[in-house]
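In: with the sequence up front, the predicted model follows.
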Amino acid sequence: MGGWDEGALARLRSAVHRGDGAGGLDVLAGRPLRPVLQYAGDVAVAARGLPGGEVLARECAEELRRRGAPGDAELAAEIAGDSGLAGLPVDLGAVAAAMDEGFHVLDVERGDVVPMDEGGAGVPIPPGALPEGEDARRGVARRWLAGQGYRAVPRGL
C-alpha cells in the first residue's frame, strides 16, 4: 500500500477511533487516500471546521462517488452532512468481524457488538462473506449499519 506502512495505518485507525480530526489530517498528509478511503472519510467528518478539513472532505466525497464500493455512498452523504442517520458509537471493524463470524447482535443502546449466545438483545448482524481488505470490509459494515438507520460515530471511554 503505497505510502501506508503499518505504523501510519495504526495512527490513522487511532485518530478515527478517537474522532481526532487534526490527528487524522496529519496522518493523511502526503499519502494516497484511495487505499484508506473509508478511514479518510471518517477523518473528513471529524475535521469539519479545521484547516484542511474542507479540502479533504471535497476530495474524499469525489473519490467515494467515483469508486462506488459498498459503503461509499453512505460515507459521501455523511461527509456532506445529509445522511439522515442517527449516530451510534460503534466500531465498524467489530461489525465486519461479526459478519465474518456470524451469530452476533448490535446493541443499539451502547453500540456494542455481542455474541448472540450471551443473551444479547439488539439487531442481529447477518453473517456473510466479506471482501478482502480492511477498507472494503469497513465499507460493507457501514452499508449494513446505514440500512439499520445508523451511522458510526467515535466511541468514548
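Out: Cool, got the structure.
In: which of the residues in the lowest-mean-pLDDT helix or strand in the chain are classified as buried?
Out: Ranked by mean pLDDT, DSSP states H and E, the weakest helix or strand in the chain is strand 113-115, scoring a mean of 92. By neighbour count with 16 or more other CB atoms under 10 Å, strand 113-115 contains the buried residues V113, V114. C-beta here means a position set from N, CA and C on the backbone, and glycine is covered the same way.
In: packing partners of it?
Out: For strand 113-115, the helices and strands in contact under the criterion 3 or more CB pairs under 8 Å, 6 or more residues apart in numbering; DSSP states H and E are helix 92-101, strand 104-106.
In: gap between it and the chain center?
Out: A distance of 18 Å separates the centroid of the chain from that of strand 113-115, by CA atoms, centre = their mean, to the nearest Å.
In: partner strands of the helix or strand following it, with direction?
Out: Counting by DSSP states H and E, the element after strand 113-115 in chain order, helix or strand, is strand 123-125. If you go by DSSP bridges, strand 123-125 pairs up with strand 104-106 (antiparallel).
In: what segments of this structure are helices?
Out: With DSSP state H, the ranges of helices along the chain come out as 6-18, 21-28, 37-46, 53-67, 72-80, 92-101, 134-147.
In: possible to save those helices as JSON lines with distance to P126, mean neighbour count and mean pLDDT?
Out: Converted to JSON lines, these look like this (distance: least, CB to CB, whole Å; neighbours: other CB atoms under 10 Å; pLDDT from 0 to 100):
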{"stretch": "helix 6-18", "distance to P126": "24", "mean neighbour count": "16", "mean pLDDT": "96"}
{"stretch": "helix 21-28", "distance to P126": "30", "mean neighbour count": "21", "mean pLDDT": "98"}
{"stretch": "helix 37-46", "distance to P126": "19", "mean neighbour count": "26", "mean pLDDT": "98"}
{"stretch": "helix 53-67", "distance to P126": "24", "mean neighbour count": "17", "mean pLDDT": "97"}
{"stretch": "helix 72-80", "distance to P126": "17", "mean neighbour count": "21", "mean pLDDT": "97"}
{"stretch": "helix 92-101", "distance to P126": "7", "mean neighbour count": "19", "mean pLDDT": "95"}
{"stretch": "helix 134-147", "distance to P126": "7", "mean neighbour count": "21", "mean pLDDT": "97"}
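In: how about the ones you listed, which one is nearest I125?
Out: Comparison of the helices of the chain against I125 by CB to CB identifies helix 92-101 as nearest, at 4.4 Å.
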